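Asker: Need the 3D shape of this:
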Amino acid sequence: MNNQITRMLAFDLDGTLLRSDGSLSPRVKKAIHEAHNQDFVIVLATGRPWAMTKPVADLLGCVDYGVCLNGAVVIDAKNERIIDKRSMSKEQALDAAATARNLLGDVSLAADMADGSHIWEHSFLSDFPPGLVIEAKKVDDVLSVIDGPVLTWLVDTPKHPGLSAVDILQGRLPEGTEVRPSGLGTPEIVLTGVSKASGLALISDAHSIDSNEVMAFGDGLNDLEMLKWAGWSIAMANGHQQALDLAAEIAPANDADGVAEILERLLAERN
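Answerer: This next block holds a predicted model:
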């Protein structure tokens with residue numbers, strides 16, 4: 001276990017905190033409550049928008065912050081107040097999406113708008129986790145209706161499966177934007193520098209917590225920056241191989257209450 005003092009706990013949701021069926025284990029809930037009672041700052045760090053994160057926060061009842069859309073939005077969960085939002089301007093977003101379409105060919109796009117709405121093309125398909133339903137306006141051509149800043153683009157590109165589309169777009173998008181894995185098997189285009197790590201850094205700075213005092217749990221490619229940043233990184237046994245290779249420790253799988261096992265040990269050592 002980490003020899004550093006831990007003061008903040010950050011949890012990915014799907015594949016990490018939640019079971020494969022989208023449910024929350026009572027054992028995991030209890031362990032997080034006990035950590036919160038010992039004054040740990042509790043953060044949910046997820047690719048989900050806040051509307052789809054809030055039900056989990058409500059189930060837990062002790063969440064301090066949400067880092068949503070892989071870092072594009074940071075929420076004060078207790079007051080449901082946005083404390084940071086990092087969006088592409090309308091012009092940046094349109095330019096980046098058009099570039100992606102030109103480079104990848106036949107793609108379908110989905111936009112998470114800065115005003116909290118979602119606009120998807122009719123042809124956009126994504127393998128969302130169980131229980132995750134997003135209400136989106138459906139259109140034929142999303143580029144023709146974008147009228148404001150965009151937090152993230154999801155790019156559905158069946159001709160370029162896996163990470164091949166990320167490789168194609170890497171370093172070729174307009175200045176100020178970048179591509180990364182979304183955690184859903186699709187590329188995600190965002191403002192340069194936006195990640196779960198950037199959202200967690202904002203929270204840790206506000207609490208005068210060093211990154212070495214943060215324990216982060218994740219399983220996917222969208223967790224890599226967070227796992228690199230945190231002082232003690234935990235990858236779930238069910239996670240992507242890159243997460244497993246990067247993490248300081250591997251927890252049992254999400255369906256085996258891996259988060260709870262690590263937290264129980266952390267709390268026992270602390271006492």
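Asker: Can I get the biggest helix by length in the chain as PDB, trimmed to CA atoms?
Answerer: Longest helix in the chain by number of residues (criterion: DSSP state H): helix 90-104. Output of helix 90-104 as PDB, limited to C-alpha atoms (Å, rounded to 0.1, in the frame of the first residue of the first chain):
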ATOM      1  CA  LYS A  90     -18.100  27.200 -31.700                       C
ATOM      2  CA  GLU A  91     -15.400  27.900 -34.300                       C
ATOM      3  CA  GLN A  92     -12.900  25.500 -32.800                       C
ATOM      4  CA  ALA A  93     -15.500  22.800 -32.500                       C
ATOM      5  CA  LEU A  94     -16.700  23.100 -36.000                       C
ATOM      6  CA  ASP A  95     -13.200  23.200 -37.400                       C
ATOM      7  CA  ALA A  96     -12.100  20.100 -35.400                       C
ATOM      8  CA  ALA A  97     -15.200  18.100 -36.300                       C
ATOM      9  CA  ALA A  98     -14.900  18.900 -40.000                       C
ATOM     10  CA  THR A  99     -11.200  18.000 -39.900                       C
ATOM     11  CA  ALA A 100     -12.100  14.600 -38.300                       C
ATOM     12  CA  ARG A 101     -14.700  14.000 -40.900                       C
ATOM     13  CA  ASN A 102     -12.200  14.800 -43.700                       C
ATOM     14  CA  LEU A 103      -9.500  12.600 -42.300                       C
ATOM     15  CA  LEU A 104     -11.700   9.600 -41.300                       C
END
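Asker: so what does it touch, helix or strand wise?
Answerer: Where contact means 3 or more C-beta pairs under 8 Å, 6 or more residues apart in numbering; DSSP states H and E, helix 90-104 is packed against strand 108-113, strand 150-156, helix 164-169, strand 177-181, strand 187-191. To be clear about C-beta, it is placed using only N, CA and C from the backbone, and glycine gets the same treatment.
Asker: May I see the ones you listed organised as a markdown table, with mean pLDDT and mean neighbour count added?
Answerer: Shown next, in a markdown table, are these (pLDDT from 0 to 100; neighbours: other C-beta atoms under 10 Å):
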| stretch | mean pLDDT | mean neighbour count |
| --- | --- | --- |
| strand 108-113 | 96 | 23 |
| strand 150-156 | 96 | 25 |
| helix 164-169 | 93 | 18 |
| strand 177-181 | 95 | 22 |
| strand 187-191 | 96 | 25 |
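Asker: Which secondary structure elements does the helix or strand containing S204 sit against?
Answerer: Here S204 sits within helix 196-206, counting by DSSP states H and E. Secondary-structure packing of helix 196-206 (3+ C-beta pairs under 8 Å, 6+ apart): strand 8-11, strand 41-45, strand 65-68, strand 73-76, strand 81-85, strand 214-218, helix 224-229.
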